[in-house]
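K.L.:
Give the three-dimensional model of this entry:
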Amino acid sequence: MKGIEQLIERIKEIWKYLNQGIDMKALILAGGRGKRLGIVAQESNKCLIEVHNKPLIEYSLNIAAGLDEIDEIVIIVGYRAEDIINKYGNKYRNKNIQYILQLEQKGLVHAIGCASEALGSYDFMLMLGDEFMVNPHHKEFIEEFYRQNIFALCGVALVNNMDLIKKTYAVIQSDKNRISQLIEKPNKSFNNVMGTGNILFKNQILQYIARTQINQKRKEKELTDLIQCAIDEGHIVKSFVICKEYINVNCQEELNRIKTACKVL
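P.N.:
Numbers count the residues shown, from 1 in each chain. Here you go, the predicted model:
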């Protein structure tokens, strides 16, 4: 009976994909304070720092707004929330925006949990409001997610400088890109695959938030541990090379890297 039910669900997913009836929400996390950026991030929300004459968050907003599969944009706000709300209002280009206030900055998993009601039963694309990508491929990203009918698809970048992986997370995977383990800010690199903040999730990932243990060092639940819970229960999680270069802005050095990037989105 279980096999029949799984087959039925698979047929539904394929039918949905073929008929372009995909309904997904973009979840952009923009609640952090950005203390390591110092005075640069004190005068406004970090995600509104201008890079190439455009607020940082708009790189994520433009990607989400340009995807037909995205039904709505949900933005998590916290520190100086009014800066973002007042600037963008309830609509960006052709997409409605819903804001969720994260009263306490307790990390990415807590932020996702705050958005549970707004996400409803939708699958969603996680994005960060303080990231920059060179040559992103989000349409193909979503197509691959539904084509393979997998639980989560982690956007990754292939790097020459292995030290960059220590700033995000390491991805341990098979030759078919099926992920067996994710390691947050590893002390050493295992390969040249660097995890990014862009991840496609089945809505059921929300059920794993309560099961995710608090990281004793950082005193918050880690995104990698959330995904690992699903992996350990047998769900299929894979990687997808989403861009040529990826920068998550947490310090002045990373901000400078964006400003000198060879290609602007």
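K.L.:
need the contact list for Glu69.
P.N.:
Residues in contact with Glu69, defined by CB atoms under 8 Å, 6 or more residues apart in numbering, are 22-24, 139, 142. To be clear about C-beta, it is placed using only N, CA and C from the backbone, and glycine gets the same treatment.
K.L.:
do Ile242 as well
P.N.:
For Ile242, the contact set (CB under 8 Å, 6+ apart) comprises 133, 136-138, 141, 155-157, 196, 198.
K.L.:
Of all the contacts of Glu69, the one with the weakest confidence?
P.N.:
In terms of pLDDT, the least confident member of the contacts of Glu69 is Ile22, at 66.
K.L.:
If we only consider the contacts of Glu69, which is nearest to Thr260?
P.N.:
Of all the contacts of Glu69, the one with the least separation from Thr260 (CB to CB) is Lys139, at 27.4 Å.
K.L.:
And the closest one, which helix or strand is it part of?
P.N.:
Taking DSSP states H and E as the criterion, the element that holds Lys139 is helix 138-148.
K.L.:
Could you check how far that helix is from the centre of its chain?
P.N.:
Averaging C-alpha positions (CA atoms, centre = their mean, to the nearest Å) puts helix 138-148 15 Å from its chain's average.
K.L.:
what packs against it?
P.N.:
In terms of contacts (3 or more CB pairs under 8 Å, 6 or more residues apart in numbering; DSSP states H and E), helix 138-148 is packed against helix 2-18, strand 123-128, strand 152-158, strand 193-201, strand 237-241.
K.L.:
Go again with 7 Å.
P.N.:
helix 2-18, strand 152-158, strand 193-201, strand 237-241 (3 or more CB pairs under 7 Å, 6 or more residues apart in numbering; DSSP states H and E).
K.L.:
returning to what we had before: and the contacts of Ile242 as CSV, adding pLDDT?
P.N.:
What follows is these, written out as CSV (pLDDT from 0 to 100):
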residue, pLDDT
Met133, 94
Pro136, 96
His137, 96
His138, 97
Phe141, 98
Gly155, 98
Val156, 98
Ala157, 97
Thr196, 98
Asn198, 98
